[in-house]
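J.: Provided below are the primary sequence and the corresponding predicted coordinates.
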Amino acid sequence: MVNKFTDLNGIKKHSRYAQYLIASVLAVSIAQINAVQAASVDVFDDWKFKTNTTLSMGTSWSMEKPSASLLFAPDAKKIGKEGNSVDTNGDNGRQNFNRHDVISQIIRGLTEASLSDGKQGAVLSAKYWYDHAYETGRGDFEAFDDRQWPDLAKFKGIELWDAYLWRKFTLPNDQPLEIKLGKQSLNWGKSRFFQHGINSVNAIDVAAMNRPGGDAKERVIPAEMLAFNLGLNKNLQVEGFYQYKFRPSVLDGCGTFLQISDFTPESCGPITIAVVGDRTTETAMQSGSYIPRGETQSAKDGGQYGIALKQTFPDMNNLELGVYYANYHSRFSAFEGKAATGLGAKYFNTASYYAVYPEDVRMFALSLSAKVGTTAWFAELNHKPNQPLGFNGTDLVQFQILAPNSPFTEAGVRPEFGAHVDGYARLPVSQLSVGAADAVTDVLGAKNLTWMAELAVNHIGDIDGQRFGRSSAFGRSELSTGAYDPVTGANACISAGSGNLSAEELKDLNRQFCNAKDGFFSEWSAGYRLRAALNYPDLLAETNVSPSLTFRHDVTGYGPNFQEGQMAVGVGVTATYQKKYSAEIAYQNYFGSNEFSTIDDRDYASMVFKMNF
């Protein structure tokens with residue numbers, strides 16, 4: 001449990017000083033801010049200097065008790081919880097929290113400044129945050145330690161965000177040209193809800209978006225690049241970029257509430273192997289039964305570029321057609337490693353794994369957008385002929401500890417001592433998404449109802465039975481020596497004594513998960529997302545009240561975006577006063593028929609206060 005001074009069950013005495021300190025600082029800030037407006041100052045003759053700041057304070061609470069099926073049994077027992085999983089490497093985020101625990105308590109801000117004369121200018125912005133719950137607390141299972149994490153994943157920080165120069169030119173034939181140089185975001189793609197589309201050229205700050213009060217401007221991590229936009233004629237333009245510094249996406253740190261892996265995020269790990277009897281993660285580490293993490297191999301800075309042509313058709317409701325090509329380095333890590341140098345548990349820590357960022361991912365894409373009546377339509381199709389996909393983590397670990405029945409060797413054949421293993425393969429991956437958005441007036445007494453819907457389909461080519469994805473929380477999958485026989489117990493994926501579970505519990509796990517198909521990436525996968533919001537501008541004086549609902553449904557298959565049967569619904573109410581101050585309460589619920597879900601027990605509620613000036 002983190003520091004629970006706003007726990008729904010009570011207040012901790014030792015946290016009172018922190019409460020008073022934060023409340024005092026906030027009160028002074030609000031008092032000063034009330035008299036301040038967004039600044040716009042004339043500088044020199046035609047130059048203007050503008051600033052804008054968004055500040056927020058938010059808290060989130062866990063609203064579900066941890067699922068026993070996801071907690072490693074001996075570790076859970078040690079801290080008074082129930083567990084029946086045999087995996088030690090994907091449960092810290094739930095071992096650390098009980099129902100109603102505070103999972104984040106944050107003050108954050110984003111300040112933007114610009115200087116411009118209309119033809120040229122500079123943009124500078126910075127973000128800053130302090131998460132009191134993580135910075136001063138500890139989990140039920142382990143203390144929170146972000147010292148080695150990427151800066152954006154840490155519990156507090158100040159980060160330069162945008163920092164670029166821009167200038168507009170008019171070429172001799174009256175063609176407009178705009179050039180931007182510096183740390184900036186790239187606005188490519190039409191998808192509103194799905195990753196792995198044209199927006200793959202951008203790195204994502206996942207950690208920021210999972211904190212209360214996440215601002216859309218914080219989602220995409222700006223990168224150092226030269227970008228241009230050239231109008232070839234009135235209806236045709238060409239855009240391009242060359243990125244000269246690699247920037248990866250940033251995940252939630254290990255052990256935080258929404259992180260489902262204990263070893264994937266940067267500077268997390270090692271991979272512990274503690275499946276015999278009642279050995280815990282701690283005793284496994286003490287005995288050397290783990291695979292250490294090596295140094296991350298980052299991608300090179302150069303070799304990242306793209307170009308796009310966008311044609312507008314005025315006679316077709318201003319339909320815009322975009323054609324794209326990009327070459328970039330993967331924004332999310334994959335893994336490589338080497339096998340142990342000898343047989344037996346005492347040699348496990350001679351194996352190793354490390355993160356890599358596969359380079360030169362190629363993307364070809366099309367986009368469409370148009371307005372038909374009052375409805376805005378948008379769509380995109382992209383194809384990546386060499387998209388990196390990560391193999392199942394448990395299969396990789398079995399190779400590394402020299403098991404003779406992993407899918408990376410012939411049946412009964414052990415890997416060579418110290419053999420290298422690639423934890424990913426490059427396959428052709430395509431994604432199609434289609435969506436629409438509109439506003440309908442006079443609904444349920446509201447001024448309008450705004451809605452948006454989007455459907456996406458993924459296709460993975462040449463998958464040929466290879467096993468990608470699926471959390472290690474569900475144990476090993478089918479052995480190369482043969483299919484599991486529930487009658488005789490032959491070729492069991494989970495052996496007797498694992499996790500100190502009973503024979504019946506192990507039999508149930510083998511019956512449910514010991515196969516080579518269920519839960520792994522499939523050739524096809526699809527799902528949709530919905531969002532709707534009502535707007536009541538006259539319900540309270542100068543205040544717009546907006547209840548909203550979002551819905552997720554992964555309909556079929558497994559892939560980068562989908563897990564069959566996974567659903568989620570989010571409900572919230574936001575009240576915005578004078579378009580400057582807002583308060584929001586929200587609840588996120590995960591559910592569905594996905595047998596391989598690692599998020600169904602991660603429901604949370606949040607409350608956020610925000611101001612703009």
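T.: That came through, no problem.
J.: what ranges do the helices span in the chain?
T.: Applying DSSP state H to the chain gives helices spanning 16-33, 73-78, 92-95, 132-136, 206-209, 281-286, 393-400, 503-513.
J.: most packed of the ones you listed?
T.: Counting by mean count of other C-beta atoms under 10 Å, helix 92-95 has the highest mean neighbour count of those, with a mean of 26. (Each C-beta comes from the backbone N, C-alpha and C, glycine too.)
J.: hmm, who's touching that helix?
T.: 66-67, 70-72, 75-76, 79, 81, 139-142, 252, 254-260, 262, 601-602 (C-beta atoms under 8 Å, 6 or more residues apart in numbering).
J.: cool, stretch 521-531 as well?
T.: So stretch 521-531 is in contact with 192-194, 389, 451-461, 463, 468-469, 548-562, 564, 566, going by C-beta under 8 Å, 6+ apart.
J.: sheet partners, orientation included, of the longest strand along the chain?
T.: Assignment by DSSP state E gives strand 424-443 as the longest strand of the chain. The sheet places strand 424-443 alongside strand 375-390 (antiparallel), strand 446-460 (antiparallel), with pairing taken from DSSP bridges.
J.: now those strands as TSV including mean pLDDT?
T.: Converted to TSV, those look like this (pLDDT from 0 to 100):
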stretch	mean pLDDT
strand 375-390	98
strand 446-460	97
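J.: compute the inter-axis angle for the longest strand of the chain and helix 393-400.
T.: Interaxial angle, strand 424-443 versus helix 393-400 (axes from the mean of the first three to the mean of the last three C-alpha atoms, to 10 degrees): 170 degrees.
J.: from the chain's centroid, how far away is strand 424-443?
T.: Relative to the centre of its chain, strand 424-443 is centred 17 Å away, using C-alpha atoms, centre = their mean, to the nearest Å.
J.: out of the helices of the chain, flag the one nearest residue 382.
T.: Counting by C-beta to C-beta, residue 382 lies closest to helix 206-209 out of the helices of the chain; the figure is 20.5 Å.
J.: now do the buried residues in the longest strand of the chain.
T.: Neighbour-count burial for strand 424-443 flags 424-427, 429-435, 437-438 (criterion: 16 or more other C-beta atoms under 10 Å).
J.: do stretch 210-224 as well
T.: 210-215, 217-224.
J.: one more: stretch 87-105?
T.: For stretch 87-105, by 16+ other C-beta under 10 Å, it's 87-98, 100-105.
J.: what about it, start to end distance?
T.: In stretch 87-105, first residue to last residue: 30 Å (C-alpha to C-alpha, to the nearest Å).
J.: tell me the one of the buried residues of strand 424-443 nearest residue 342?
T.: residue 424 (26.3 Å).
J.: low-confidence bits of this protein, can you list those?
T.: 1-38, 277 (pLDDT under 70).
J.: spell out for me which residue occupies the centre of it.
T.: When the chain is reduced to its mean C-alpha position, the nearest residue by C-alpha atoms, centre = their mean turns out to be residue 206, at 4.0 Å.
J.: and that residue, what does it touch?
T.: Contacts for residue 206 (C-beta under 8 Å, 6+ apart) come out as 249, 250, 251, 252.
J.: from residue 263, how far off is it?
T.: 16 Å (C-beta to C-beta, to the nearest Å).
J.: ok, the nearest residue to residue 341 once chain neighbours are set aside - contacts?
T.: Of all residues not flanking residue 341 in the chain, residue 350 sits nearest, at 4.3 Å (C-beta to C-beta, 6 or more residues apart in numbering). By C-beta under 8 Å, 6+ apart, the residues touching residue 350 are 340, 341, 342, 418.
J.: quick one: the third one from residue 234, how far?
T.: Relative to residue 234, residue 342 is positioned 71 Å away (C-beta to C-beta).
J.: more neighbours: which of those two?
T.: Comparing residue 342 with residue 234 by other C-beta atoms under 10 Å, the one with more neighbours is residue 342, at 12 against 8.
J.: residue 416 is in contact with that one, correct?
T.: No - using C-beta atoms under 8 Å, residue 342 is not in contact with residue 416, being 11.7 Å away.
J.: run through the bridge partners of residue 115.
T.: residue 49, residue 122.
J.: thinking it is in contact with residue 121, fair?
T.: Yes - here residue 115 reaches residue 121: they are 5.5 Å apart, a contact under C-beta under 8 Å.
J.: do I have it right that residue 149 meets residue 256?
T.: No - using C-beta under 8 Å, residue 149 makes no contact with residue 256, being 10.0 Å away.
J.: give me the more crowded residue out of those two.
T.: Neighbour tally, residue 149 and residue 256, criterion other C-beta under 10 Å: the higher count belongs to residue 256, 27 against 20.
J.: which ones are touching that one?
T.: Residue 256 sits next to 93, 96, 103, 134, 144 when contact means C-beta under 8 Å, 6+ apart.
J.: looking at the strands paired with strand 424-443, spot the one closest to residue 109.
T.: strand 446-460 (27.1 Å).
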